[in-house]
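Q: Structure, please.
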Amino acid sequence: NLDAVQEMVVTSQGANAEFGRSAGGFVNVITKSGTNTLKGSLHYFGKDGALSSDLEGNGQRLTPDFGQHQFGFTLGGPIIKDKLWFFTAYDQQAFTETKQQTRPSSSEFTALNAYLQTAFGGALANDFGAIERSNDARVFLAKIDWRLSDKHLFSAKYNYTNNEQVNGTFDVATWGRSANAIEKGSSNALSGSLTSQLSNNVANEFRFQVAREDRPRDYDAPTLPGGRDFPDIAMDFGNAFRIGRPFFIPVEYYDTRLQLLNNI
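A: Okay, the predicted model is just below:
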């Protein structure tokens, strides 16, 4: 969570106005913002299925097949010493995993799989093969702290997130590859605050946020001859087979948020 990490870093440098309750009532402290030293960091984290052991149980043996790479940076320092500071952070993940390498065996599954090899022009010939899933994500944060005066501190922050999961809607062993979709999500948010010490016993804090989040679900799977998406079909309640585009896909969804808050 880059936001949480960033807040910890900035708070340790005394960049935020801090409000707390104690046994004696409220305590209000406005401390010096930011740091005048340019600092940064790089990080990388990786995992691979080749380094993981097999999972055995209930007569089954599962061999992990995945790869994860996570990397990013942080950078912060002064724009104008003792007055204006910045902080940025970026994190990205590239993740792939192969699942459904084997399917529950049954005479019904054998018959269905054989039928699909030639039916519908072979559109679903490999529908019950292994399914590759992704979980890719990117996060970016930028923040400035501006000490307008000894009594006024302005802070603004921009957050960006983006993620995509190919074949991330369902994970059912008896469902075909076509009975899935692409999960997506992205957001842009701008927030800020102005903290003012109006007198020895009066403080004011103004906050705002403008944000938009998109959460579409796209579809990219075999089509029937002629280009039409293969319809959603469920069959055989005992084996719970399912093929075709899920009935609620595609989805176009977003929400926007505007928030204004003032505390005295």
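
Q: residues in contact with the closest residue to residue 247 other than its chain neighbours?
A: Setting aside the residues directly before and after it, residue 247 is nearest to residue 232 in space (Cβ to Cβ, 6 or more residues apart in numbering), at 4.4 Å. C-beta here means a position set from N, CA and C on the backbone, and glycine is covered the same way. Residues in contact with residue 232 (Cβ atoms under 8 Å, 6 or more residues apart in numbering) are 179, 242, 244-247.

Q: Pull out the buried positions in stretch 195-210.
A: Neighbour-count burial for stretch 195-210 flags 195-197, 203, 205, 209 (criterion: 16 or more other Cβ atoms under 10 Å).

Q: Quick check: the two most widely separated of the residues you listed?
A: 197 and 209 (23.0 Å; Cβ to Cβ).

Q: sorry, back to before: from the contacts of residue 232, which land in strands?
A: residue 242 (DSSP state E).

Q: So which of the contacts of residue 232 wins on neighbours?
A: residue 179 (24 neighbours; other Cβ atoms under 10 Å).

Q: Isn't that residue up against residue 247?
A: No. Using Cβ atoms under 8 Å as the test, residue 179 is too far from residue 247 to be in contact (10.2 Å).

Q: Can you list the residue ranges for strands in the stretch 1-150 of the chain?
A: Ranges of strands in the stretch 1-150 of the chain, per DSSP state E, counting those that start in this stretch, are 18-22, 25-29, 39-48, 55-57, 60-62, 66-80, 84-99, 131-134, 136-149.

Q: now these in TSV, with distance to residue 238, mean neighbour count and mean pLDDT?
A: As requested, the strands of the stretch 1-150 of the chain are exported to TSV (distance: least, Cβ to Cβ, whole Å; neighbours: other Cβ atoms under 10 Å; pLDDT from 0 to 100):
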stretch	distance to residue 238	mean neighbour count	mean pLDDT
strand 18-22	60	10	38
strand 25-29	65	10	46
strand 39-48	37	11	94
strand 55-57	23	9	84
strand 60-62	20	10	78
strand 66-80	31	15	94
strand 84-99	23	18	94
strand 131-134	22	18	94
strand 136-149	36	18	95
